[in-house]
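Novice: Please find the sequence and the predicted model below.
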Amino acid sequence: MKMNTKLLIIIVISLGLGIFIGFTISGRITRQRIDKMKQKNTPEGLYSYFYEMIGPTADQRDTIEIILREYVKKNFETQEKGWQDQKVLFREMEKQIDPLLSKEQLERKEAAKEKFRKFEQMRNKQLKSNGKDSIPAEP
């Protein structure tokens, strides 16, 4: 082989390897960020986030733990109520929109609802299996 051909092959392989490594590293960083966000979306994760952020002293620990548990619980109750209110609004909207839609549009809407329903069930199942659906117990 000529020297130019060898050099070209080395450059192409190096570029390909660099791109592969870049994608891999980027994917891992993105996954870590998403996992961190998802963790804060659970009562346990939110509690831990605030507890670690505050870093209470030994004198403050008991009082702050009680306060955090109370407000994390209230936060998730409020969030749940918001989801329930939103579902009611969507049902009301559907009652008004459905009569205006064609059969094909109704089928697409129902398929999207079913897809979302399955996603919700899967997410709830994962949270419960990981024990993430409750506030950490008192020590």
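Specialist: That came in fine, so what should we check first?

Novice: Now the element after the helix or strand Arg28 falls within, going C-ward?
Specialist: Assigned by DSSP states H and E, Arg28 belongs to helix 3-40. Using DSSP H and E, the helix or strand that follows helix 3-40 in sequence is helix 43-54.

Novice: I'd like the distance between Ile97 and Pro56.
Specialist: Using Cβ to Cβ, to the nearest Å, Ile97 is found at 51 Å from Pro56. (Glycine included, C-beta is placed from N, CA and C.)

Novice: Same question for Gly27.
Specialist: Plainly put, Gly27 is 36 Å away from Pro56 if you go by Cβ to Cβ.

Novice: just Glu77 next, same as before
Specialist: Distance, Glu77 to Pro56, using Cβ to Cβ: 24 Å.

Novice: more neighbours, the two?
Specialist: Pro56 (14 against 10; other Cβ atoms under 10 Å).

Novice: tell me the SS of that one?
Specialist: Of the three states, Pro56 takes coil under DSSP: H, G, I helix; E, B strand; the rest coil.

Novice: before we move on, what about Glu114?
Specialist: Secondary structure of Glu114, per three-state DSSP, is helix.

Novice: Excluding sequence neighbours, find me the nearest residue to the residue nearest to the spatial centre of the chain.
Specialist: With distances taken as Cα atoms, centre = their mean, the chain has Lys38 as the residue nearest its mean C-alpha position (3.8 Å). In this structure, Lys38 finds its nearest non-sequential neighbour in Gly45, 7.7 Å apart by Cβ to Cβ, 6 or more residues apart in numbering.

Novice: Tell me the confidence at Ala137?
Specialist: pLDDT for Ala137: 46.
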